[in-house]
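Asks: please find the sequence and the predicted model below.
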Amino acid sequence: MAFMPNAISLTKTERVELTKQATSRTGRAEDARRARLVLLLAEGYTWDEICERLPCSRGFIDSWSKRFAADRVAGLYSRHRGQSATVLTPRLEARILEWTLKRKPIDGSTHWSTRRLGTALGVSHMMVSRVWAKHALKPQRIDGYLASSDPQFEAKAADVIGLYLNPPAHAAVFCVDEKTAIQALDRKDPVLPLSPGRAERHGFEYYRHGTLSLYAAFNTRTGEVLGKTAPSHTSAQFVAFLNDIVVNQPKGKEIHVIADNLSAHKTKRVAQFLAEHPKVHMHFTPTYSSWLNQVELWFAKIERDMIARGVFTSVPDLKRKLMRYIRHYNKAPKTVKWKYFDPSRRIGPESVVTVH
């Protein structure tokens with residue numbers, strides 16, 4: 001049975017516009033087809049007759065007749081937003097970079113993800129990923145920094161680095177510091193060993209047996225480490241460790257000690273020790289510049305090698321394993337070689353030093 005829709009009446013302007021679209025040889029074929037559909041409906045043709053003339057489906061007639069009834073001629077235009085950009089042009093690359101570096105997501109997020117930015121720009125998240133990789137951008141990462149506000153930064157840095165590059169003849173140079181509050185952690189559950197396709201696994205629960213502080217003196221000429229443990233880090237313990245350094249060197253040998261600005265390193269006891277040992281000279285790194293102390297590199301090594309994944313049944317067990325590590329390390333010690341990135345530049349807060 002032929003279906004006769006409600007009659008569509010057109011204004012003179014609409015008829016002229018639809019006729020123009022229907023007979024156009026330069027417009028889109030789909031636009032012309034929809035215009036002819038409305039003209040046929042306005043002339044009283046049934047849906048079956050229209051299906052034979054266009055040709056088209058009844059669903060096509062139902063959809064576009066409703067669109068025309070709601071929005072008139074404007075409703076006949078496609079509402080498809082188009083495909084996402086698939087070709088990375090220089091202009092699109094610049095836009096991705098501009099949004100990444102200078103804009104924030106409107107949802108309150110602190111940084112972009114590839115999918116979030118891709119959605120905002122209407123591009124593939126893989127395109128965003130390629131642009132980020134090309135320009136070494138990693139918005140998901142964050143690094144910390146601490147700028148030294150020491151007004152004597154240049155002089156102190158020159159003093160310390162000078163001891164590394166041109167140490168005094170017949171003198172020993174030691175980088176000294178303490179690694180505090182090392183925890184003697186014992187796992188509640190057994191450690192599951194490394195196996196093919198599976199990492200070593202530790203249980204989440206553990207026992208705390210107490211803490212130790214580790215004093216270390218790194219010999220910049222030989223790479224050897226003199227170590228000592230203590231229940232806490234105090235000025236008295238620091239002076240006792242300085243005395244150990246003196247005892248382990250030939251009598252009368254000049255000793256230069258590089259240390260940070262911890263208050264325990266600058267007490268009356270330390271001053272008294274230095275007065276009693278005129279061959280010992282203290283050199284302090286600039287404020288917030290512990291990276292200038294080479295022993296920090298060795299502390300990072302023992303943390304990776306032994307402390308971070310260690311299992312310690314007691315504080316004495318922790319002490320025994322720390323000292324055993326130091327003894328084995330001293331069988332094949334390694335020095336740190338420092339050089340200026342640009343030797344022509346003066347030493348200053350902006351100087352770049354590379355470590356090899």
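Replies: Thanks, I have the structure now.
Asks: use CA for all of it now, contacts and neighbours both
Replies: OK.
Asks: which SS state does Ala181 fall under?
Replies: At Ala181 the chain is in strand, as set by DSSP: H, G, I helix; E, B strand; the rest coil.
Asks: one more: Tyr45?
Replies: Secondary structure, three-state DSSP: Tyr45 is coil.
Asks: note down every partner strand of whatever helix or strand Val257 lives in and its orientation.
Replies: Here Val257, judged by DSSP states H and E, is contained in strand 254-259. Partners of strand 254-259 in the sheet, by DSSP bridges, are strand 171-187 (parallel), strand 280-284 (parallel).
Asks: isn't Lys253 right up against Val173?
Replies: No - look at Lys253 against Val173 with C-alpha atoms under 8 Å: they stay out of range, at 10.7 Å.
Asks: circling back to that earlier point, so how far is the strand holding Val257 off the chain centroid?
Replies: Distance, stretch centre to chain centre, for strand 254-259: 36 Å (C-alpha atoms, centre = their mean, to the nearest Å).
Asks: who touches it?
Replies: For strand 254-259, contacts defined as C-alpha atoms under 8 Å, 6 or more residues apart in numbering pick out 160, 170-177, 246, 265, 279-285, 293.
Asks: same check on stretch 87-102?
Replies: Trp112, Leu117, Leu121, Met127, Val128, Val131, Trp132, Pro139.
Asks: and that stretch, average pLDDT?
Replies: Stretch 87-102 carries an average pLDDT of 90.
Asks: tell me the buried residues in that stretch?
Replies: Judged by neighbour count (16 or more other C-alpha atoms under 10 Å), stretch 87-102 contains these buried residues: Leu92, Glu93, Ile96, Leu97, Thr100.
Asks: dump those to CSV, plus distance to Ala74 and secondary structure.
Replies: Output for the buried residues of stretch 87-102, formatted as CSV (distance: C-alpha to C-alpha, whole Å; DSSP: H, G, I helix; E, B strand; the rest coil):
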residue, distance to Ala74, secondary structure
Leu92, 31, helix
Glu93, 34, helix
Ile96, 33, helix
Leu97, 37, helix
Thr100, 37, helix
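Asks: would you list those residues in CSV and tack on distance to Ser195?
Replies: Rendered in CSV, the data for the buried residues of stretch 87-102 read as follows (distance: C-alpha to C-alpha, whole Å):
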residue, distance to Ser195
Leu92, 47
Glu93, 44
Ile96, 43
Leu97, 43
Thr100, 41
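Asks: now, the most widely separated pair of these?
Replies: Using C-alpha to C-alpha, these span at most 12.3 Å, a distance reached by Leu92 and Thr100.
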